[in-house]
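1. How does the following fold in three dimensions:
(one chain, ligands or ions: 1)
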Amino acid sequence: MTLRLHDITVTLGRGDSRTTALRALTATFRPGVLTALVGPSGSGKSTLLAVAGALLRPDEGQVLLGDTDLAALTDRERARARRTRIGYMFQSGNLITGLTAEEQLLAAASLADRTPRAVRARARDLLADVGLAHRLRHRPDQLSGGERQRVALARALLTEPELLLVDEPTAAVDRTRADDLTALVARTTHQHGCVTVVATHDPVVVGAADSTIDMRDHTAAPTA
Ligand SMILES: Nc1ncnc2c1ncn2[C@@H]1O[C@H](COP(=O)(O)OP(=O)(O)OP(=O)(O)O)[C@@H](O)[C@H]1O
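-> Residues are numbered from 1 along each chain as shown. Now for the predicted structure:
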C-alpha cells in the first residue's frame, strides 16, 4: 500500500505558542522504500510521523494509506488502523514497564486480534531476527537503550504493518549499534515491503535510505 500525504497543514499550540508545524505538505511514500525525513530541529519531522501514524489529526489534508483516508476516519477506526496497519519505533522504544521482551510482542499481538499460539513462535523469531534471542525474559529496565529500540522494532513488525514509522532510531545508541539498527530497518523495509518513514539527523541513516525528503520550511522538498 502506498502512503500519500496530500496538502497537509498542521498548526500546534495556542496564542503566542501557535506554530505551523506542517504547511501544505504533499508527499508519496511507496512500499519497500525507506524514506529519510531530514531538516533542522523543529522543521516538522515528528509531526509528519504523528500525522502519518494516525496519532495526530491534521487541520487540513488527506492521509491516504492505500484507499483509506486516515484523517477522515472516526477515532475508533483510527485506533484500529494503528493496531493493525501501522508499526511505530519511537525514541524511547515506548515499551511497557514490567513486561519482558517477549511479553511486549505478545501484548501487541493480542491488541491486534492475533491468535496466541502462532504468535509466540513468531515473536521469538522476530526477537531472534533483531539479535535478541538471548533477551526474551528481560524487562525494559534490564535492557540497554539499543536493545529497547530493537524490541520496539520487533514488536512493530509482529503485526506485519503496511506502514513503519521510525523516529530517530540512532539517537540513543553507540555508532556500531546505530549502524546495525539502520541496516536492520533497511533490510526489514525491503524484505517486508512496508512503507518506512524515518525521521533522522544521522547521515548514516540518510545514506541507507532509498529516498530523502527535506522538511526545511515545514513542507516536503525532495532532494537528490
Ligand atoms: N504542542 C505544541 N505546541 C506548540 N508548538 C509545538 C507543539 N509541538 C511541537 N511544536 C512545534 O512544532 C514544530 C515542529 O515540531 P516537530 O517536533 O515536528 O519538529 P522535528 O523536526 O521533529 O524536530 P526535532 O528534529 O528537534 O525532533 C516545532 O517548531 C515545535 O516547536
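
2. hey, let's count contacts and neighbours off CA atoms from now on
-> Noted.

3. Got phi/psi on residue 28?
-> phi -120, psi 140 (degrees, to the nearest 10).

4. Retrieve the pLDDT associated with it.
-> If you check residue 28, the pLDDT there is 96.

5. Residue 111 now?
-> 63.

6. again with residue 188
-> 87.

7. any idea what it is structurally, helix, strand or coil?
-> Secondary structure, DSSP: H, G, I helix; E, B strand; the rest coil: residue 188 is helix.

8. burial of residue 55, as a residue count?
-> 17 (other CA atoms under 10 Å).

9. try residue 150
-> By other CA under 10 Å, the burial measure for residue 150, its neighbour count, is 26.

10. What's the separation between it and residue 60?
-> 34 Å (CA to CA, to the nearest Å).

11. So which bits of the host helix or strand of residue 22 are buried?
-> Residue 22 belongs to strand 19-29 when assigned by DSSP states H and E. By neighbour count on 16 or more other CA atoms under 10 Å, the buried set for strand 19-29 is 21, 22, 23, 25, 26, 27, 29.

12. Likewise for stretch 1-14?
-> For stretch 1-14, by 16+ other CA under 10 Å, it's 1, 2, 3, 4, 5, 6, 7, 8, 9, 10.

13. As CSV, those with secondary structure, pLDDT and distance to the ligand would be great.
-> Formatted as CSV, the buried residues of stretch 1-14 follow (DSSP: H, G, I helix; E, B strand; the rest coil; pLDDT from 0 to 100; distance: CA to the nearest ligand atom, whole Å):
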residue, secondary structure, pLDDT, distance to the ligand
1, coil, 89, 24
2, coil, 96, 22
3, strand, 97, 19
4, strand, 97, 18
5, strand, 97, 15
6, strand, 97, 17
7, strand, 96, 16
8, strand, 96, 13
9, strand, 96, 12
10, strand, 96, 9
